[in-house]
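**Student:** Generate coordinates for the sequence data below:
(2 chains)
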There are 2 protein chains.
Amino acid sequence: MSTSTGPDGAYKNLKRRFHEITLLETTGATLGWDQETYMPPKAAEFRADQLAYLTGRVHRLVTDSDVDRWLTVCEKDGPWEADSVEAVNVREWRRDCDQSVKLPNSFVEEFEKVASLAKNQWAKARADNDFSQFRDPLARLVDLSRKKADYLGYKESPYDALLDQYEPGMTVQSLRPILDNLAKAMAPLAREAAEKSLAIPGDLLKGDYPIHGQQKLNRRVAEAFGFDFEAGRIDTTTHPFCTELGPRDQRLTTRYDETNFAVSFYGVLHEVGHGLYEQGLLAEHYGTPMSKAVSLGIHESQSRLWENKVGRDPMFWRHWHPIACEYLPELKRFTPEQLTAAVNRSSPSMIRVEADEFFYDLHILLRFQIELQLIEGALEVNDVPEAWNSLFEKLFGRAVPDDAHGCLQDIHWSMGGFGYFPTYTLGNLNSAQLYQAALAQNKGLETSMASGDYTALLDWLQKKVHHQGMRFHPNQLMEEATGQPTSESAQLDYLKRKITHLDAGAAS
Amino acid sequence: MSTSTGPDGAYKNLKRRFHEITLLETTGATLGWDQETYMPPKAAEFRADQLAYLTGRVHRLVTDSDVDRWLTVCEKDGPWEADSVEAVNVREWRRDCDQSVKLPNSFVEEFEKVASLAKNQWAKARADNDFSQFRDPLARLVDLSRKKADYLGYKESPYDALLDQYEPGMTVQSLRPILDNLAKAMAPLAREAAEKSLAIPGDLLKGDYPIHGQQKLNRRVAEAFGFDFEAGRIDTTTHPFCTELGPRDQRLTTRYDETNFAVSFYGVLHEVGHGLYEQGLLAEHYGTPMSKAVSLGIHESQSRLWENKVGRDPMFWRHWHPIACEYLPELKRFTPEQLTAAVNRSSPSMIRVEADEFFYDLHILLRFQIELQLIEGALEVNDVPEAWNSLFEKLFGRAVPDDAHGCLQDIHWSMGGFGYFPTYTLGNLNSAQLYQAALAQNKGLETSMASGDYTALLDWLQKKVHHQGMRFHPNQLMEEATGQPTSESAQLDYLKRKITHLDAGAAS
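**Tutor:** Numbering: from 1, shown residues only, chains lettered A, B, ... in the order given. Predicted coordinates:
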């Protein structure tokens, strides 16, 4: 019997098929990157056709009956041990195939096309501060997402089916208590942080930061963290993101504010965290699940860890302050301690991507509640601005002045990404837990980081997270790396310590 | 009998199939654009895999036996008149299909992959001024191109098969006399022009031209010509080009020299000419031959016309000089007449893309002779630098200092584009002939252009060239538009007049 008919042959066929799928997916990612960065506006409609075509083709290749047949051979006769590379790949290909088969090809193409156009409509609506321009596309995407949930199937809530795409195994039932408990525990911390922060002027950092200097500084820190600019780059977009166009092609984006370097600086540190995860996936397994990120909650843990746990620690600015002054002389006004206080200053801000760590998860809670109601049919799209504004006032004690600062601020819904937001909070919790474990398991880690050497930290993250690909499911990965599944305790400990860093800001 | 089995159904199937092919081709063009503009270096290998895959997929879709079957039905039973949209599309699809079938799919993918990698190797070899780095890729591409010619078939020379890809119907036998005669007639003109130009200092334009000012000026002129920046953009690359990523997405590139605005200025005028052709193709036929450029020799006629016939005319600077001074104050030093003389200054330059119109076609003759010998097996790749340098000295009376200024200067061979260069000279001849016809057929055209209004010229070009798509073959298109096939007489008349514009440069 030739190997081509046995499990080895079937496995080879699957590898070849999913390599083809990877070529198409990364091609689509390249088109998507261009759409956000450089594409001229009139090209939007044709770009949507291209993306819909690529998505449809990928869908056809995954749902092709050959794939199911090859998978069945591997599952039945495969000689591989449970956690082996092959077993992991077969398991995840099966999940991919089974989920995809549930979605008709025409639906997948339609969803992609509507989402692709909606992104531009959202960008314009946000720029014009006019929700009415986004209402119809949003209604269409809510409808399509509810339909998608019906196709995929669920036990309790249609939202579960959507959430599961980003965070395998997560449900409303298990997520709600995490968010509620966290919000409850954080409320007194946030109050204390905001109160302490009153001593730090809100415009403390305001000054003259030429974009060119910001770019050089951002790049220097990114390189120190270990980001390889021969295999990636940074461009400018309204909504910063990181996208993977190939095994050695990680594209980050950011936005610049010439009066406040911290906007692009922490934006880049964040995206670099995502980029390092992708650059740390094993190239030898590229095109298979063993070289894919396990979930968005784990992906976000990497960006949060570098942005916040590393980049907002007092020892970070003790090392980087003199270097940063070379590129941005305005920073000479500050001591490292003042800088630390300023970049940790807490206040109930309007914009999620500018929120501090004490309030960030309240933003997520707000979005979660609204999108859950949209998907469960308890809220009409027309009523989103009002629902947003009233919930914001309740959670933050402030009024929203307009929709650009309210329900139009995020790109996610325009991409049909319902169920995505909660992974940000999971990322926060995971980042604290992983960072705590890294410090506990690596003697001298703080000493080396204090001198700007992040090799040991990156090595540990690569070993425990990046190199694992999809070997484990998220909670299992967290247990392997930290000894326990995702919990809020490390993040709460971290925030309690953080309050003490707010003291130096006032001493000017 | 249902229409789906008759010629109407077959035609619809063909339209759908070639729409799919267009989606893939424009996707590949987007990847190619990114490769030249923004892609990080380590991404090159995977990008080559993506491009080879897309090319292979297109090739499979064109050569699929269904296409041949649908074409046969249309050819046998199609009710369409000879020059109708449908007849033109069927004729050109047939040509595409028949040519493609001759090339094995594996060969097409291999060619694409080698060429994609060679582009980066060329760029590095040129930057390092080191031919040895490019020798092996070049040898590989020569071999593959000879093989391609064998697959495609030819009567006299394998070069004919390659040339025909860019200029349908053109052969070495018909091309050689055109190039030889032109070179012979131009020799005394070039001598006279170069001699007159001695009175114009070579560094007359040398000055301080901030890139930002250049960009604003270039854009303003491009807009005046009619280029739609909502459906296109300009980026920076080593080798300027124009590529079409969709019906409303024309990407131009240029390069900047802060000491000489003319490098980017005329580069942009040139690429804008290409872009206007693509923007002028009829969107209603997009994805079919009726909305495709007819040949490279016609394409180049559009870039040359706007760059040279319009942009280097004395009346051009009489209108634009005061406006240009707003963006580039350095230009206040000149009179419009001096500027005209400076941008028409003639000398035997080393670099093709910087060559003046009196010497340009000698550059083409040189490349034609070398690539003809390479493809016919009369010259070894190892001997290219020597052959180049000795031929250059013979034609231009100057020595080539190094390969970066010699055989490494052009991107074309690194893309496997043998047979491409001669279309530049055809473009020069066609541009003179079309411009002459436009002036003869449109009263008041010069008056409106003198005031910076190019609407009538663009309208005429759209009607005679752009809107025609591939309706006519190149020589027929030229006959329809100008009354005769491509000839050198208009270009020679034009150059004779041009010599008189060189006078003003000395009067400083």
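**Student:** Helix, strand, or coil at the residue in the stretch 51-200 of chain A that chain B sits nearest to?
**Tutor:** For the stretch 51-200 of chain A and chain B, the shortest gap (CB to the nearest CB) falls at A:Tyr53, measuring 4.7 Å. All C-beta atoms are positioned from the backbone trio N, CA, C, and that covers glycine. Secondary structure, DSSP: H, G, I helix; E, B strand; the rest coil: A:Tyr53 is helix.
**Student:** Could you find the closest non-adjacent residue to it?
**Tutor:** Among residues not flanking A:Tyr53 along the chain, B:Leu23 sits closest, at 4.7 Å (CB to CB, 6 or more residues apart in numbering or on different chains).
**Student:** by contact count, what packs against the helix or strand where the one you found lies?
**Tutor:** Element membership for B:Leu23 (DSSP states H and E) is helix B:7-37. Applying 3 or more CB pairs under 8 Å, 6 or more residues apart in numbering or on different chains; DSSP states H and E, one finds that helix B:7-37 contacts helix A:7-37, helix A:44-63, helix B:44-63, helix B:65-77, helix B:85-101, helix B:105-128, strand B:242-246, strand B:249-254.
**Student:** The first one relative to helix A:65-77, how many degrees between them?
**Tutor:** This means helix A:7-37. Compare the direction of helix A:7-37 with that of helix A:65-77 by axes from the mean of the first three to the mean of the last three CA atoms, to 10 degrees and you get 130 degrees.
**Student:** Run the angle between helix A:7-37 and helix A:44-63 for me.
**Tutor:** Going by the same axes, to 10 degrees, helix A:7-37 makes 170 degrees with helix A:44-63.
**Student:** Could you list the buried residues of helix A:7-37?
**Tutor:** A:7-11, A:13-15, A:17-18, A:20-37 (16 or more other CB atoms under 10 Å in any protein chain shown).
**Student:** Name the nearest residue to the residue nearest the centre of chain A, ignoring sequence neighbours.
**Tutor:** In chain A, the residue lying closest to the centroid (CA atoms, centre = their mean) is A:Glu300, at 4.5 Å. The spatial neighbour of A:Glu300 that comes closest, neighbours along the chain excluded (CB to CB, 6+ apart), is A:Gly427 at 2.4 Å.
**Student:** Okay, and the one you found sits in which element?
**Tutor:** helix A:422-441.
**Student:** average pLDDT across that helix?
**Tutor:** For helix A:422-441, mean pLDDT rounds to 97.
**Student:** Name the residues of it that are buried.
**Tutor:** Buried residues in helix A:422-441, counted by 16+ other CB under 10 Å: A:422-438.
**Student:** quick one: contacts of the next helix or strand after it?
**Tutor:** The helix or strand immediately downstream of helix A:422-441 is helix A:445-450, counting by DSSP H and E. Identification of contacts with helix A:445-450 by CB atoms under 8 Å, 6 or more residues apart in numbering or on different chains yields A:310, A:315-316, A:318-319, A:438-439, A:454-457, A:460.
**Student:** Rebuild these as JSON lines, extending it with distance to chain B and secondary structure.
**Tutor:** Shown next, in JSON lines, are the contacts of helix A:445-450 (distance: CB to the nearest CB, whole Å; DSSP: H, G, I helix; E, B strand; the rest coil):
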{"residue": "A:Val310", "distance to chain B": "24", "secondary structure": "helix"}
{"residue": "A:Met315", "distance to chain B": "31", "secondary structure": "helix"}
{"residue": "A:Phe316", "distance to chain B": "27", "secondary structure": "helix"}
{"residue": "A:Arg318", "distance to chain B": "32", "secondary structure": "helix"}
{"residue": "A:His319", "distance to chain B": "27", "secondary structure": "helix"}
{"residue": "A:Ala438", "distance to chain B": "27", "secondary structure": "helix"}
{"residue": "A:Leu439", "distance to chain B": "32", "secondary structure": "helix"}
{"residue": "A:Tyr454", "distance to chain B": "21", "secondary structure": "coil"}
{"residue": "A:Thr455", "distance to chain B": "20", "secondary structure": "helix"}
{"residue": "A:Ala456", "distance to chain B": "24", "secondary structure": "helix"}
{"residue": "A:Leu457", "distance to chain B": "23", "secondary structure": "helix"}
{"residue": "A:Trp460", "distance to chain B": "24", "secondary structure": "helix"}
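**Student:** Apply the buried test to those residues and list what passes.
**Tutor:** Those of the contacts of helix A:445-450 that meet the buried threshold are A:310, A:315-316, A:318-319, A:438, A:454, A:456-457, A:460, by 16+ other CB under 10 Å.
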